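**Student:** Got a predicted structure plus its sequence, pasted below:
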Amino acid sequence: MRVIRPLCRVLFFAAALPFVPAHAGGQALTSLLSLQVSYNTRKATLNPTGELKARLDSVDSELAAATRAGRTSEARRLLAKGFTLLAGRPWTDVADYNASLVLRSDRVVLDSRNAYVVRLEQLYAPNIDLARSVNAHATLVARRSVGGGRGAAPPTVVKDFGTLTGVSRDLRESPFAMELDVHDVPDGQYVLAVDVLDSARTLGTASLPIALKKGLDETVSRIEGEAPHAPESLRAELLYPVDRLRNVNRGRLELRTLDVDADFAAADAVAAAVKAGRDPFAGRTGDMKRHYRLESANEMMPYHIYVPTTYTSTRSMPLIIALHGLGGTEDSFFDAYGKKLPELAEQHGYLLAAPLGYRVDGRYGIATSADPVVRRASELSEADVMQVLSNMRKLYNVDPKRIYLMGHSMGAIGTWAIAPKYPDIWAALAPFSGQGAPATAERIRNIPQFVVHGDADPTVNVRGSRAMVAALKAVNAEVTYIEVPGGDHSNVVEPNFAAMMQFFNTHKKGAATTP
């Protein structure tokens, strides 16, 4: 959701993603992998022909070369060009300039009582001639009003910072720093938008999602002061929002992975329980978020769980580990897919745990890239999954013969990557819209598998599941394969959750199939 392969095949590492404009980035840019998958999905959907196909083939050739050489800024430029051509628009010097723009700051989550310094920069040198310096016009708009497509009302402007002059023609050499006063802006999430103007002509717009919260600095200090006095088992619950805040501000994570109000409120609730001498999670059932320190990454990691109301520590219960797709989070199986999976977990009496997998594009141990940064993230992604499994087994009475692994898209690919490494753990697997390595089939031949794929999937080609299913059947593995005629990448998932649960109900490790 790899780089050694031609980029035209990167769509095998996919998740359901909306169209993402290549220039819409911020402190932590949308991952290059996500953009590549979105681009390839859009291209597969449109199936361009003639002159457009020839132009895109040229883009793809240059894109593959840039990616192999590690020229990520050039790869982003080429993806922006590809998106523009697929949208039926010409790739002009102005479009090139627009795609080069980016806003960066030391903080995207900040205490609004402080002045906010942000820099207008460029990812690469665009092919444009500018005869004079340009101007910048900065506004803060309500985040909920951004987007909406054609015909939507214009974004709600919360504050207009006016026009700033003297912007360099080369923003790589001389980034343009702006000090913005946000003290009078209410707490909330916004988008800072900066239009770059050459006289009356708009050359482009850079945008940056930000979150403002008065008193944030004191809140962070207070939580850090309280954490050492909490039981060790609860310290990560307190420190998670502080750790996540710093990683978002450092550009390691996107802002969307932190809910400032909810995450800090949850930490405060844990702190209050600790002061009262209680463990706020003891005996609790239902939907909840948990956190722990992943030692190998030195980061606090979130995971989302569901504990059925029928759970009792005196009786073991089956467990499902659910892996999200590229761009998703630990919340995906709780907030998307009709919110059906937690409902089914309650109905059938299953514990459910969804890890983040270290990053939204962590890949769950799929190591096909020579890039050491990508490989490390993949290793940590796998480690996160296995640590969440370990945590669940410590916290709850998990039936060791009924531990199941499932996922969608990148999560399905991760399911087929993790299972062969730990084949003795899983009672059954359920990959949706994924791809596996047929060479691993022998190692998972004793694990029953429920596989779903749509034959019109434009993101992860159905050939990936077909090849894996064929390899599994060749080694006499038990496989139930559902190929949905006309099914796309995502619409085959929720409708088959109930059948997946029935499959899990009839399979446990070391036992014959129950009729």
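**Tutor:** Here it is on my side, so go on. Bear in mind that the values here come from a model prediction, so they are computed numbers and not experimental data.
**Student:** wait, doesn't residue 48 sit right on residue 56?
**Tutor:** Yes - under the criterion of C-beta atoms under 8 Å, residue 48 makes contact with residue 56 at 5.9 Å. From N, CA and C alone the C-beta is placed, and that goes for glycine too.
**Student:** what sits in contact with each of those two?
**Tutor:** Common neighbours of residue 48 and residue 56, using C-beta atoms under 8 Å, 6 or more residues apart in numbering, are residue 86.
**Student:** what are the phi and psi values for the most far-flung residue of the chain relative to its centre?
**Tutor:** Distance to the chain centre peaks in the chain at residue 131, reaching 41.0 Å (criterion: C-alpha atoms, centre = their mean). Here is the backbone geometry of residue 131 (degrees, to the nearest 10): phi -80, psi -20.
**Student:** what comes up buried for stretch 71-79?
**Tutor:** 73-79 (16 or more other C-beta atoms under 10 Å).
**Student:** What about those, which are in helices?
**Tutor:** 73-79 (DSSP state H).
**Student:** Output those residues in CSV; the columns should cover pLDDT.
**Tutor:** Below are those laid out as CSV (pLDDT from 0 to 100):
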residue, pLDDT
73, 93
74, 95
75, 93
76, 93
77, 94
78, 95
79, 95
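**Student:** could those residues be laid out in JSON lines, adding distance to residue 509?
**Tutor:** Output for those, formatted as JSON lines (distance: C-beta to C-beta, whole Å):
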{"residue": "73", "distance to residue 509": "48"}
{"residue": "74", "distance to residue 509": "49"}
{"residue": "75", "distance to residue 509": "44"}
{"residue": "76", "distance to residue 509": "45"}
{"residue": "77", "distance to residue 509": "50"}
{"residue": "78", "distance to residue 509": "47"}
{"residue": "79", "distance to residue 509": "44"}
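**Student:** Looking at residue 48 and residue 56, which is more packed in?
**Tutor:** A count of neighbours by other C-beta atoms under 10 Å puts residue 56 above the other of residue 48 and residue 56, at 20 against 16.
**Student:** before we move on, what SS does the more buried one have?
**Tutor:** With DSSP: H, G, I helix; E, B strand; the rest coil as the basis, residue 56 sits in helix.
**Student:** Wait, it touches residue 85, no?
**Tutor:** Yes - contact status for residue 56 versus residue 85: in contact at 6.2 Å, counting by C-beta under 8 Å.
**Student:** So which residues of the stretch 1-150 of the chain form helices?
**Tutor:** Ranges of helices in the stretch 1-150 of the chain, per DSSP state H, counting those that start in this stretch, are 32-46, 50-68, 72-86, 93-100.
**Student:** Let me see the mean pLDDT of the helix or strand containing residue 306.
**Tutor:** Using DSSP states H and E, residue 306 sits within strand 299-307. Here strand 299-307 scores 97 as its mean pLDDT.
**Student:** and that strand, what other elements does it pack with?
**Tutor:** Helices and strands touching strand 299-307, by 3 or more C-beta pairs under 8 Å, 6 or more residues apart in numbering; DSSP states H and E, are helix 232-249, strand 286-294, helix 332-335, helix 340-348, strand 351-355, helix 372-395.
**Student:** Name the residues of the last one that come out as buried.
**Tutor:** When you say that, I think you mean helix 372-395. For helix 372-395, using 16+ other C-beta under 10 Å, the buried residues are 374-375, 377-389, 391-392, 395.
**Student:** Which is the succeeding secondary structure element to that helix?
**Tutor:** strand 398-408.
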